[in-house]
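**Student:** what would the 3D arrangement of this be:
(one chain, ligands or ions: 1)
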Amino acid sequence: RHGGIVPRWVAVGSGIQSEAMISDRLFTIREEGDAVLILDQTLLPHQYATRHLRSLVDAAHAIRAMLVRGAPLIGVTAAYGVALALKDGAGNEALQHACDTLAATRPTAVNLNWALARMQRHLLPLPVAQRRAAAWAEARAIAEEDAAANRQIGRNGLALIEKVAHRPVNLMTHCNAGWLATAAWGTALAPVYAAREAGLPVHVYVSETRPRNQGLLTAWELHEAGIPHTLIADNAAGHLMRNGKVDLVIVGADRIAANGDTANKVGTYLKALAAADSGVPFFVAAPLSTIDRGCPDGAQIPIEERDGGEVRHVGGLDRKGVHATVAIAPDATAAANPAFDVTPARFITGIVTERGVRAPDELHRLFEDRS
Ligand code: MRU
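**Tutor:** Just a heads-up that it's a prediction; the model follows:
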């Protein structure tokens, strides 16, 4: 068993050393020869397995079938998908085909489009013969920058946790916005890891996040890190907030519109409503690559509609410890399965980014600060 995650210097891409909280076993994506190695998140928390991506088809499948998931990691995987695609030719047509194929995998997380646009911008001006090597280097840079941004999100979010008067600080999160969803550190969980490093006791309420149960990934992550946490049914979140059990909510984001409206895993909006009514601060943690400045408000964010079978079935281990999927409703039951919802900016206390914490209506300042 792994003895908890300790921050240390390891390779995120290939050879480039970066400060990351991942180990040889606990990583989301890395290069291996001319392939990409990923952790298959569809099997967690019950089974640990890695998979090689060797082609554009492999990368697109890994994103679509959610072997990799989480907005930043989807972006990183897409970038590596472009690199893999250029193996058999790096002309404009091949590059366009790769980007179109990857862009069509999942619609909501803007990091996907962001990463593909960056790859195209970087590769198109180069001579064809140089593009393949340049694609690997750029994908690696995207992974490295994501890890570094999340590390800084952790530091910026820690300041918010420190402000809570009592110990342990009780946080609530939603879905999985930990290191599993990113190149390293996570977004919403990055401040939790930073708190642990700073010796500040935290306890995390983890909601299961039906129907895909990404909350179980969060519980697994926190268990691996030795951080106290409690798994709850999604429906218990409001009750806990109402009864003073939660000091702070921190969630991730899949796309933040220019006005601060935030798309995140379905159920986030209900948590934000409960937090607003209970006086609990509600923060969104995300890198700048998740902010879609071209999208004016939440109504313009495409929401992924997934198969109703995910609602009608649940998966887990049977009594013999064998993975099984069981139906909780007949196939004939109509089921709607929107994978994300939009939380209006007015319910968001602040957005934690690598450039600091901003109120949703001051998001534009994050970009001005740079200039
Ligand atoms: O459908 P998923 O698992 O890819 O969903 C994305 C997420 O992990 C969450 O919505 C998360 O809060 C934002 S990504 C850090």
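
**Student:** mind checking pLDDT for the residue of the stretch 251-371 of the chain found nearest the ligand?
**Tutor:** Proximity of the stretch 251-371 of the chain to the ligand (CB to the nearest ligand atom) peaks at G252, 2.9 Å away. The way it works is simple: take the backbone N, C-alpha and C, and place the C-beta from them, glycine included. Note on G252: pLDDT of 98.

**Student:** next, the contact list for it, please.
**Tutor:** Listed by CB atoms under 8 Å, 6 or more residues apart in numbering, the contact partners of G252 are 70-71, 173-177, 181, 186-188, 264-265, 284-286.

**Student:** can you pick the most crowded of those?
**Tutor:** T187 (34 neighbours; other CB atoms under 10 Å).

**Student:** tell me the residues on the chain that lie near the ligand, please.
**Tutor:** 69-72, 175-177, 181, 187, 214, 251-254, 264-265, 339 (CB under 6 Å from any ligand atom).

**Student:** please repeat the previous calculation with a cut-off of 8 Å.
**Tutor:** 66, 69-74, 106, 108-109, 174-177, 181-182, 186-188, 212, 214, 251-254, 264-265, 268, 286, 290, 304, 339-340 (CB under 8 Å from any ligand atom).

**Student:** mind checking which of the residues you listed land in helices?
**Tutor:** 71-74, 214, 268 (DSSP state H).

**Student:** which two among the residues you listed are spaced furthest apart?
**Tutor:** In those, two members sit farther apart than any others by CB to CB. They are L73 and T268, at 18.1 Å.

**Student:** just the element for the nearest residue to A103 once chain neighbours are set aside, please.
**Tutor:** Ranked by CB to CB, 6 or more residues apart in numbering and with sequence neighbours excluded, the top spatial neighbour of A103 is L116, at 5.7 Å. Assigned by DSSP states H and E, L116 belongs to helix 110-123.

**Student:** now that helix: mean pLDDT?
**Tutor:** Helix 110-123 comes out at a mean pLDDT of 98.

**Student:** chain center to it: distance?
**Tutor:** 17 Å (CA atoms, centre = their mean, to the nearest Å).

**Student:** quick one: the very next helix or strand once past it to helix 110-123, angle?
**Tutor:** Going down the chain from helix 110-123, the next helix or strand is helix 128-162, by DSSP H and E. Relative orientation of helix 128-162 and helix 110-123, computed by axes from the mean of the first three to the mean of the last three CA atoms, to 10 degrees: 140 degrees.

**Student:** check which residues of helix 128-162 are buried.
**Tutor:** 131-132, 134-136, 138-140, 142-154, 156-158, 160-161 (16 or more other CB atoms under 10 Å).

**Student:** do stretch 95-112 as well
**Tutor:** 95, 98-99, 101-103, 105-112.

**Student:** just give me the closest of these to G315.
**Tutor:** R106 (20.0 Å).

**Student:** pretty sure the closest one contacts R306?
**Tutor:** No - the criterion here is CB atoms under 8 Å, and R106 misses it with R306 at 9.5 Å.

**Student:** do a quick rundown of the strands in the stretch 151-300 of the chain.
**Tutor:** 169-173, 202-207, 229-232, 248-251, 255-257, 262-265, 282-285, 291-292 (DSSP state E, counting those that start in this stretch).

**Student:** good, wrapping up.
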